[in-house]
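1. Okay, sequence plus prediction incoming.
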Amino acid sequence: MQEVVSINATHRNSPDTRLRDALGAADSSTRLEVALAVGTRADPAFADALVARCAVEPDFFVRDMLTWALTRLPAENTVPRLLAELRSERAQARSQALHTLSKIGDSKAWPAITRSLLHDSDDEVARSAWRAAVVLVPAAKREGLATELAAQLGRGDREMRLSLSRALVALEDVIEPALRAGLDSADPAVRAHARATQRLLDDPDAGFDLAVDEANRVVALGSRRVEAGTC
């Protein structure tokens, strides 16, 4: 664990330089241990290096530890740096900043969860924005957020749709008007996703796949009835 020893011995002289070097070690287990050590120390001097590493770290478990380390620091040190990352051209920088903001839970970050982030073309950024938004949204803005989220019903693959359904269900009953618009959509994929989300809202213990299967059957049955009526 040479890197951590080096950090402990020299951090007062050049914390960011030493930390960046240690967090960039070739071995992911070493990077994980360094992030753990830094989070345990909880020194605000490491905030810049942690945020910078989040943008490029390839290993999921190390990224999760970096987020934990950032949550250990004072919000006044981390939140402004994370908000700046939301403007990055690098998708991972945006998604990790959003993820970390959702874990910190500082409501002052809410205004930075913009419509462009909620509709980001990168799926991981959009998913992270949805999760952060439902954590940070003020009560008076919940219905507007529900409308923005429901506008993306039918987007992406199973995991994407499950993430959107979970975000919507977290907003509870305020989503019902937005879901009704989805149920009336001309797009069968949107209707099925809206119906599956409604099922999860009504019965949180229902499995997503079962809810989707049921919704698809209902939508298909409705389409056949329409076709039969036009013959």
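-> Thanks, I have it. Keep in mind it's a predicted model, so treat the numbers as computed, not measured. Numbering: from 1, shown residues only.

2. and for stretch 43-62, what are the contacting residues?
-> Under the criterion C-beta atoms under 8 Å, 6 or more residues apart in numbering, residues 11, 15-16, 19-20, 23-24, 28, 31-32, 35, 38, 63, 66-67, 69-70, 73-74, 77-78, 81-82, 85, 88, 90, 92-93, 96-97, 100 lie in contact with stretch 43-62. Quick note: C-beta positions are derived from backbone N, CA and C, even for glycine.

3. Now do that stretch: distance from first to last residue.
-> By C-alpha to C-alpha, to the nearest Å, the extent of stretch 43-62 from end to end equals 18 Å.

4. Any idea how far that stretch is from the middle of the chain?
-> 17 Å (C-alpha atoms, centre = their mean, to the nearest Å).

5. One more: stretch 160-169?
-> 11 Å.

6. Okay, the closest residue to L200 other than its chain neighbours and N77: tell me how far apart.
-> Residue nearest to L200 in three dimensions, not counting chain neighbours: V169, with 5.2 Å by C-beta to C-beta, 6 or more residues apart in numbering. In this view, V169 and N77 are 33 Å apart by C-beta to C-beta, to the nearest Å.

7. What helix or strand is S121 located in?
-> Using DSSP states H and E, S121 sits in no helix or strand.

8. for it, phi and psi?
-> Dihedral pair for S121: phi -70, psi -20, per degrees, to the nearest 10.

9. Could you export stretch 25-32 as CSV, CA atoms only?
-> Taking Å, rounded to 0.1, in the frame of the first residue of the first chain, the C-alpha atoms of stretch 25-32 are listed here in CSV:
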residue,chain,number,x,y,z
ALA,A,25,-2.2,3.8,-10.4
ALA,A,26,-2.4,1.0,-13.0
ASP,A,27,-4.0,-1.4,-10.6
SER,A,28,-7.7,-0.8,-9.8
SER,A,29,-7.4,-2.4,-6.3
THR,A,30,-4.7,0.2,-5.5
ARG,A,31,-6.9,3.0,-6.7
LEU,A,32,-9.8,1.7,-4.6
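
10. Pull the distance from it to the chain's centre.
-> The chain centroid and the centroid of stretch 25-32 are separated by 24 Å under C-alpha atoms, centre = their mean.

11. rewinding a little: could you list which of the contacts of stretch 43-62 belong to helices?
-> Among the contacts of stretch 43-62, the members found in helices (DSSP state H) are 15-16, 19-20, 23, 28, 31-32, 35, 38, 63, 66-67, 69-70, 77-78, 81-82, 85, 92-93, 96-97, 100.

12. Would you write a ChimeraX line that selects the buried entries of those residues?
-> Only the buried entries of the ones in helices among the contacts of stretch 43-62 go into this ChimeraX selection, using 16 or more other C-beta atoms under 10 Å:
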select :15,19,20,23,31,32,35,38,63,66,67,69,70,77,78,81,82,85,92,93,96,97,100
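
13. Apart from its chain neighbours, what residue comes closest to the residue nearest to the spatial centre of the chain?
-> For the chain, the residue nearest the mean C-alpha position is S128 (1.6 Å; C-alpha atoms, centre = their mean). The shortest distance from S128 to any non-neighbouring residue, by C-beta to C-beta, 6+ apart, is to L98 (3.8 Å).
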